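1. Okay, sequence plus prediction incoming.
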Amino acid sequence: MPKLSALLDALPVGQLINNSIDDVSIRAPVTEDARGVQQDGVFVARKGYTTDGHQYIQQAIDNGAVAVVGEQDITGLSVPYVQVRDAWQALGYLAAAYHDFPSRKLTVIGVTGTDGKTTTTTLIQSILNRATQGKTGYISTIAADLGGEQSDTGLHVTTPLAHDVQAYLAKMVDNGLTHCVLEMTSFGLAQGRLNGVDIDVAVLTNLRHEHLDVHGTFENYRDAKARMFRMLADSYRKQDRVGNEVPKISVINNDDPNAEYFFQISADEVLTYSIDADATFKAFDIQYDAGQLRFRVPDIWSDLNEDGLEREFTLRLIGRFNVYNALAAIAATHCLIDDEDNAIPAIVSDGLEDVTAISGRMERIDEGQDFTAIVDFAHTPNALENALETCLTMLDADQRVIAVFGSAGLRDVEKRRMMAEISARMAHITVLTAEDPRTESLDDILQMMATACESVGGVEGKTFYRVPDRGEALYRACQLAKKGDIVVACGKGHEQSMCFGTVEHPWDDRDALRAALRGAPLKTLPTANV
């Protein structure tokens, strides 16, 4: 069992303010949840967006906390109190130390970007599972695969809390896993939820307009993403089976306008991928077939190493954007697989083909209708454009795309205009509806989006509609659909709730779309916010 002093030793220089403490043994995890403190655990009090954890210090002590870490200057507690400069940032390091730094016992691949993180994470894990005989776990915004057991990671898309991340990693080590693929959001990076994670490969999918409500500027958002690459450079240096130091590798989308910014961050090796620009892994001859796509890349694995040699890969997913996700996965796993008898290409190919669907990502819903119904997580302008572009490639003459989506309350306001304009230009019919309005007026959100549709030639009642209740909106879209059309519900994907006011209400777009196809629309509750 670790001592409190050992946990504090893991804090970066300058974090610790008060170091005059009585050392105690820590027999339970570090947590920021005063209600979840276990006997002889550590409570970290931090100031959140809506409440201040310092208010719950006594509750944590009553529940068994043997030590408290916080930011305020506090004396007179019945247990040791440690003052730090930033409790948000300290929590991850403390939790990592409690669990004996589990990421140092795994090969960790971090994946960040605006869009494609979950799909890329899933593809990397699938490839590495082929290479490690199933000893690769993952932590994504959908779930955590800990090796023989699954864990839900929350209602909405974000990185799990810092103490949960470290607990997941520790469970992977206990379960005998050797690799972990970890999806890293800008929230998680900026808030320090991933502090204490030592990574070996850093992957950038892309960078687009998103989360400016939190980060303020695009530059701040980009810097939050770049934090993962700085973590790579500073991470613990691991050794392979024969004692050689494992290099720190960055994988960057060379077609992204921000690629150069990430190239400047130190790494032992930089691998690039692209469709349009020069890159280590560049896709050629992309062919889009029904339900799958094929592409070729230069054969860098061949012992002959001759110019012009290529390898073909098949992906049982659709959309140009998934070519990028697959390329990122190929590049990320390239240096992580033992090359026995030139086996890497076959392992990669099989791993890619093992993935037939990603939860809530271009997921088809079939209730016997004569048109295509799809649920997709597209909740950013770039992702919506990619989803609609993919749908358009699936149409025959005189068939239409009907898009259903909204825009979240208390989030990036500019997205509302951008997404509405994109859909008004690309989709044949747009249905604007609720999408986590939170404490904002749903009517006001929809008005902003309707104005944006009109600004690019949309006509309400003809090319776009406002249907505040999301269940009714999906039903309306299905009623409008004709044979061969595509109805695509965007923005919620795999998520299991929708927020009205400050309450998360159960909601699954896939269930709602099934109900709409059956002719009995689910109602979005409560209607008071509509």
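-> Perfect, thanks for sending it.
2. Please make it C-alpha for all contacts and neighbour counts, starting now.
-> OK.
3. Quick check: which ranges of the stretch 351-500 of the chain have low pLDDT?
-> Of all residues in the stretch 351-500 of the chain, none has pLDDT under 70.
4. all helices for it, in order.
-> Under the criterion DSSP state H, counting those that start in this stretch, helices of the stretch 351-500 of the chain are mapped to 381-393, 414-426, 442-455, 470-480.
5. for the last one, packing partners?
-> Read that as helix 470-480. strand 401-405, strand 429-432, strand 486-490, helix 509-518 (3 or more Cα pairs under 8 Å, 6 or more residues apart in numbering; DSSP states H and E).
6. quick one: it to helix 509-518, angle?
-> When axes from the mean of the first three to the mean of the last three Cα atoms, to 10 degrees is applied, the directions of helix 470-480 and helix 509-518 differ by 40 degrees.
7. Can you give me the buried ones in helix 470-480?
-> By 16 or more other Cα atoms under 10 Å, the buried positions in helix 470-480 come out as 470-478.
8. Report the inter-axis angle for it versus strand 401-405.
-> Using the same axes, to 10 degrees: helix 470-480 against strand 401-405 is 170 degrees.
9. Using PDB, list the CA coordinates for helix 470-480.
-> Presented in PDB, the C-alpha positions along helix 470-480 are these (Å, rounded to 0.1, in the frame of the first residue of the first chain):
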ATOM      1  CA  ARG A 470     -36.700  14.800 -31.700                       C
ATOM      2  CA  GLY A 471     -38.900  11.700 -31.800                       C
ATOM      3  CA  GLU A 472     -41.400  13.600 -33.900                       C
ATOM      4  CA  ALA A 473     -38.700  15.000 -36.100                       C
ATOM      5  CA  LEU A 474     -37.400  11.400 -36.900                       C
ATOM      6  CA  TYR A 475     -41.000  10.300 -37.600                       C
ATOM      7  CA  ARG A 476     -41.500  13.300 -39.900                       C
ATOM      8  CA  ALA A 477     -38.300  12.500 -41.800                       C
ATOM      9  CA  CYS A 478     -39.400   8.900 -42.300                       C
ATOM     10  CA  GLN A 479     -42.800  10.000 -43.500                       C
ATOM     11  CA  LEU A 480     -41.200  12.300 -46.000                       C
END
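10. Outside of it itself, list whatever touches it.
-> Outside helix 470-480, the residues that touch it by Cα atoms under 8 Å, 6 or more residues apart in numbering are 402-404, 431-435, 467, 487, 489, 512-513, 516-517, 519-524.
11. And for residue 101, nearest residue in space, chain neighbours not counted?
-> Take residue 101 and drop its neighbours on the chain: the residue closest to it by Cα to Cα, 6 or more residues apart in numbering is residue 196, 7.3 Å away.
12. Quick one: neighbours of the one you found, just the number.
-> Residue 196 has 29 neighbouring residues, counting by other Cα atoms under 10 Å.
13. doesn't it fall inside a strand?
-> No. Per DSSP: H, G, I helix; E, B strand; the rest coil, residue 196 lies outside any strand segment and is coil.
14. how long is stretch 28-39 end to end?
-> Terminal residues of stretch 28-39 are spaced 6 Å apart (Cα to Cα, to the nearest Å).
15. typed the wrong thing, it's stretch 450-460
-> Span of stretch 450-460 from end to end, Cα to Cα: 8 Å.
16. Can you list the buried residues in it?
-> Applying 16+ other Cα under 10 Å to stretch 450-460 flags 450, 452-454, 458, 460 as buried.
17. List of residues touching it?
-> By Cα under 8 Å, 6+ apart, stretch 450-460 touches 416-418, 420-421, 423-425, 432, 464, 466.
18. Considering these, which possesses the most neighbours?
-> Ranking the contacts of stretch 450-460 using other Cα under 10 Å puts residue 420 first, with 31 neighbours.
19. For the residue lying farthest from the centre of the chain, give me the backbone phi and psi.
-> Distance from the centre of the chain peaks at residue 76, with 42.0 Å (Cα atoms, centre = their mean). Residue 76 has phi and psi values of phi 80, psi 10 when expressed as degrees, to the nearest 10.
20. can you pull the contacts of it?
-> Neighbour list for residue 76: empty [criterion: Cα under 8 Å, 6+ apart].
21. I'd say the residue nearest to residue 101 and residue 93 touch.
-> Yes. Counting by Cα atoms under 8 Å, residue 196 does reach residue 93; the two are 4.5 Å apart.
22. Distance to residue 269 added to the buried residues of helix 470-480, as CSV?
-> Listed next are the buried residues of helix 470-480 as CSV, based on distance: Cα to Cα, whole Å:
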residue, distance to residue 269
470, 47
471, 49
472, 51
473, 49
474, 47
475, 51
476, 52
477, 49
478, 50
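23. measure residue 31 to residue 87 for me?
-> With the distance defined as Cα to Cα, residue 31 ends up 11 Å from residue 87.
24. do residue 477 as well
-> 47 Å.
25. same thing with residue 67?
-> 14 Å.
26. Name the residue in those two with the higher neighbour count.
-> The residue with more neighbours, out of residue 67 and residue 87, is residue 67; 27 against 22, by other Cα under 10 Å.
27. give me phi/psi at that one?
-> phi -160, psi 150.
28. I am assuming it contacts residue 42, so please confirm or correct that.
-> Yes. With contact defined as Cα under 8 Å, residue 67 counts as touching residue 42 (5.0 Å).
29. just to revisit the earlier point, filter the contacts of helix 470-480 to the buried ones?
-> 402-404, 431-435, 467, 487, 489, 512-513, 516-517, 521-522, 524.
30. Quick check: phi and psi on the closest residue to residue 39 other than its chain neighbours?
-> Leaving aside its chain neighbours, residue 39 sits nearest to residue 64 (4.0 Å; criterion: Cα to Cα, 6+ apart). Main-chain dihedrals, residue 64, degrees, to the nearest 10: phi 120, psi 0.
31. Including distance to residue 13, could the helices of the stretch 351-500 of the chain go into TSV?
-> TSV is the format used below for the helices of the stretch 351-500 of the chain (distance: least, Cα to Cα, whole Å):
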stretch	distance to residue 13
helix 381-393	39
helix 414-426	39
helix 442-455	45
helix 470-480	50
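32. Give the residue spans of this structure that score low on pLDDT.
-> 20, 153-157, 209-215, 303-308, 340-342, 525-530.
33. Please parse it into its domains.
-> Following automatic domain parsing, the chain resolves into domains at 4-98, 102-273+319-347, 363-529.
34. and of those, who's closest to residue 313?
-> Of all the domains of the chain, domain 102-273+319-347 sits nearest to residue 313, with 8.8 Å by Cα to Cα.
35. Any idea how far that closest one is from the middle of the chain?
-> For domain 102-273+319-347, the separation from the chain centroid amounts to 10 Å (computed by Cα atoms, centre = their mean, to the nearest Å).
36. ends of that domain, how far apart?
-> Termini of domain 102-273+319-347 sit 27 Å apart (Cα to Cα).
37. residues shared between the contacts of residue 31 and residue 87?
-> Counting by Cα under 8 Å, 6+ apart, the shared contacts of residue 31 and residue 87 are residue 44.
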